[in-house]
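# sharing a model that was predicted from the sequence below.
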Amino acid sequence: MAEKMSGYDEMLKGLWRENPVFVQVLGMCPMLAVTNSAVNAVVMGVATFFVLVSSSFLVSSFRGVIPKQVRISIYVVIIATFVTVADYTLLALVPAIHKELGAFIPLIVANCIILGRQEAFASKNSVKFAVFDAIGSAGGFMFALLALGSVREILGEGKIFGIPLFGDNFEPWIIMILPPGGFITLGLILLFFNWVTARRAARNQLQAQPVTSSRGSHIQ
Amino acid sequence: MSEQDPRLLLQPAPLLQQGMTTPQAMKDVWIALAPATLFGIWHFGISSLLVIITTIIGAMITEWAFTPPEKRGHVMGDWSGALTGLLLALTLPPGLPLWMAFLGGAVSTGLGKVMWGGLGNNIFNPALVGRAFLLATFPIVMTTWHGSVDSFFTIHPSNLAMPLMQSATDAVSQATPLGLLKFQQSATATGSLLLGTTTGSLGETSALLLLLGGIFLILRRDIDWRIPVAIFITAALFSAIINSFDAVKYPSPLFTLFSGGMMLGALFMAPDPVTSPLTPRGAIIFGVGIGLLVVLIRVWGGLPEGVMYAILLMNAATPLIDRATQPRVFGRGRPRE
């Protein structure tokens, strides 16, 4: 029971508390480059999800036999294998989006979230936890991609997943589908995340304060 | 002061009181901008007044919302938030939809000022951040210029577009003097540029009134005279040189000085004490840089106007200029490399 709980814990931390994008600020390159529409964001998220979970599974399975000195190159070979699989699958299934994502699919190999999870977690933990951790991190990444992609598509084109929201007279915010829009949106979301965290910390402190002060008065 | 009024005032140095406070400096800028603003409202009609008011409201609401409650009275009291709104409004076309004006005011204060920690901590001129955002976001609407109106109370239909929507009626854009020169090679008479009876942003057309306001600010020592003077001399010299090669295609020095946002930018935005260099030598470098960039962007860039980007670029260089022009400490030798 305890093991199962901590497995969910490993998953949940990636989604929110240690979200790879909003808290660790990793994987910025695909984050800013491919989030100009929600569909692109989802496809990128699914590809990364597949690569991260599969690589974590494999690295964790072979963690006993991977020599320490060459571990990074072995991780990269494993990741690259799954990226190639994802690349050809997307090319076969959604060629239009594959073309739009362009170099960013092969570049998943260099995504620091994936390599980071292998080095920091999968190579040291059992297969079960490694997979849970990978699902959490990849889910968090996907959530971040989707959040950014939705905001940028809604404001930049007045659509979500290609469905018009505001009718014909919508005035598109050109900047939102250009690179600066990615930076501005990401910055504002980070701002929101930090604000929520700071508020929570302040509230916890406020709840903790009466206890310490009453204890202090008892001592005096 | 009256509520405390101590018999014996004990305070640390400096003991000399300086009359120049932030609210006082802001008030001076308001006075200096008043003639050009009133002329703009008279020239472009009630629409421009609506744009100005909406932008100021957007700037002030943002400042109020993102300031901690205990600091609000102090921060809102210096009128700098409203001034940011006014400066931004003066660079906007009079027919701009009001929701965009509100958004611009909110962005200029939010992203340009509050986010950096409030007045005094921002790197870029807040009003120009707002304008750059609007120009990148709504490039067509931001370059749709309305000319002088027949009746003062004419409201452009585009002003009243619903939020997030564009106006249903097609506006007829009139070319600004800069656009005329760049795309049709026809120069506008210097006289009308001075008086401001041309097309353009709602507060930038009247070069003469802006110049008067700027001289007032220099005499009150609110701004460093070196910055506008360096900008004017550099831009005039540069355009004189290129004008001597092809007088039809390239602007004359007088045209460069009195057209577009040159006066407004050089006198009211570039010398903003927060975002310009502190040292006298730095101020001159800063001004020369802006002057060069303005002419470069206007003549060889894709856009007819370059004052905004010139100032923003030099704002980015300001910390570097400040560091490079640190005066030598008295009594010490030159620092070794």
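Right, received. Where do you want to start?
# OK, contacts around residue 146?
If you meant another chain, say so; for now it's chain A. Contacts for residue A:146 were tallied using C-beta atoms under 8 Å, 6 or more residues apart in numbering or on different chains; they are A:38, A:41, A:42, A:45. C-betas here are computed from N, CA, C, even on glycine.
# that's the wrong chain, I wanted chain B
B:44, B:47, B:93, B:94, B:95, B:156, B:171, B:173, B:174, B:199.
# so where's chain A shaky on pLDDT?
Residues of chain A meeting the criterion pLDDT under 70: A:1-5, A:209-220.
# buried subset of the contacts of residue B:146?
B:44, B:47, B:93, B:94, B:95, B:156, B:171, B:173, B:199 (16 or more other C-beta atoms under 10 Å in any protein chain shown).
# among the residues you listed, which one has the lowest pLDDT?
Among the buried ones among the contacts of residue B:146, residue B:171 carries the lowest pLDDT, at 63.
# near chain B, which residues of chain A?
Residues of chain A lying close to chain B by C-beta under 8 Å from any C-beta of the partner chain are A:158, A:166-167, A:169-171, A:173-176, A:178, A:180, A:184, A:191.
# related to what we said a few turns ago, taking the contacts of residue B:146 one by one, which sit in helices?
B:44, B:47 (DSSP state H).
# looking at the contacts of residue B:146, which is nearest residue B:311?
Using C-beta to C-beta, residue B:93 comes nearest to residue B:311 of the contacts of residue B:146, at 18.9 Å.
# for the residue most central in space within chain A, list the residues it contacts.
For chain A, the residue nearest the mean C-alpha position is residue A:141 (1.3 Å; C-alpha atoms, centre = their mean). Shown in contact with residue A:141 (C-beta under 8 Å, 6+ apart): A:20, A:21, A:27, A:45, A:48, A:49, A:52, A:113.
# and those as a markdown table, adding neighbour count and secondary structure?
Below are the contacts of residue A:141 laid out as a markdown table (neighbours: other C-beta atoms under 10 Å in any protein chain shown; DSSP: H, G, I helix; E, B strand; the rest coil):
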| residue | neighbour count | secondary structure |
| --- | --- | --- |
| A:20 | 28 | coil |
| A:21 | 25 | coil |
| A:27 | 23 | coil |
| A:45 | 22 | helix |
| A:48 | 25 | helix |
| A:49 | 18 | helix |
| A:52 | 33 | helix |
| A:113 | 22 | helix |
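# low-confidence stretches in chain B?
If you take pLDDT under 70 as the line, chain B has these spans: B:1-7, B:9, B:17-18, B:168-172, B:334-337.
# around chain A, pick out the residues from it.
Selection of chain B residues close to chain A by C-beta under 8 Å from any C-beta yields B:97, B:100, B:111, B:115, B:133, B:136-139, B:141, B:161-162, B:164-166, B:168.
# of those residues, select the buried ones using a PyMOL command.
To isolate the buried ones among the residues of chain B next to chain A in PyMOL, judged by 16+ other C-beta under 10 Å, type:
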select buried, chain B and resi 97+100+111+115+133+136+137+138+141+161+164+165+166
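# show me the two of the residues of chain B next to chain A that sit farthest apart.
Maximum pairwise distance in those, criterion C-beta to C-beta, is 35.1 Å, between B:115 and B:168.
# sorry, back to before: so which of the buried ones among the contacts of residue B:146 is the closest to residue B:279?
Nearest to residue B:279, judged by C-beta to C-beta, of those is residue B:93 at 36.8 Å.
# pick out the residue nearest the middle of chain B.
Centre-nearest of chain B using C-alpha atoms, centre = their mean is residue B:269, 3.8 Å out.
# quick one on the thing from earlier: just send the residues of chain A next to chain B back as JSON lines, with distance to residue B:253, secondary structure and neighbour count too.
Below are those laid out as JSON lines (distance: C-beta to C-beta, whole Å; DSSP: H, G, I helix; E, B strand; the rest coil; neighbours: other C-beta atoms under 10 Å in any protein chain shown):
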{"residue": "A:158", "distance to residue B:253": "45", "secondary structure": "coil", "neighbour count": "20"}
{"residue": "A:166", "distance to residue B:253": "48", "secondary structure": "coil", "neighbour count": "15"}
{"residue": "A:167", "distance to residue B:253": "50", "secondary structure": "coil", "neighbour count": "9"}
{"residue": "A:169", "distance to residue B:253": "44", "secondary structure": "coil", "neighbour count": "13"}
{"residue": "A:170", "distance to residue B:253": "44", "secondary structure": "strand", "neighbour count": "17"}
{"residue": "A:171", "distance to residue B:253": "39", "secondary structure": "coil", "neighbour count": "21"}
{"residue": "A:173", "distance to residue B:253": "38", "secondary structure": "coil", "neighbour count": "23"}
{"residue": "A:174", "distance to residue B:253": "35", "secondary structure": "helix", "neighbour count": "18"}
{"residue": "A:175", "distance to residue B:253": "35", "secondary structure": "helix", "neighbour count": "24"}
{"residue": "A:176", "distance to residue B:253": "40", "secondary structure": "helix", "neighbour count": "21"}
{"residue": "A:178", "distance to residue B:253": "35", "secondary structure": "coil", "neighbour count": "15"}
{"residue": "A:180", "distance to residue B:253": "34", "secondary structure": "helix", "neighbour count": "15"}
{"residue": "A:184", "distance to residue B:253": "38", "secondary structure": "helix", "neighbour count": "19"}
{"residue": "A:191", "distance to residue B:253": "45", "secondary structure": "helix", "neighbour count": "12"}
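# can you give me the helices in the stretch 1-150 of chain B?
B:22-44, B:46-65, B:72-77, B:80-90, B:98-110, B:126-137, B:139-142 (DSSP state H, counting those that start in this stretch).
# for residue B:286, find the nearest of the ones you listed.
Judging these by C-beta to C-beta, what sits closest to residue B:286 is helix B:126-137, at 14.5 Å.
# what helices or strands is that closest one leaning on?
For helix B:126-137, the packing partners by 3 or more C-beta pairs under 8 Å, 6 or more residues apart in numbering or on different chains; DSSP states H and E come out as helix A:174-177, helix B:80-90, helix B:98-110, helix B:307-324.
# same for the shortest one, what does it pack against?
Translated: helix A:174-177. If contacts are counted by 3+ C-beta pairs under 8 Å, 6+ apart, helix A:174-177 sits against helix A:127-157, helix A:179-219, helix B:126-137.
# among these, which is the most enclosed?
Mean neighbour count, computed with mean count of other C-beta atoms under 10 Å in any protein chain shown, is highest for helix B:126-137 among the helices and strands packed on helix A:174-177, reaching a mean of 26.
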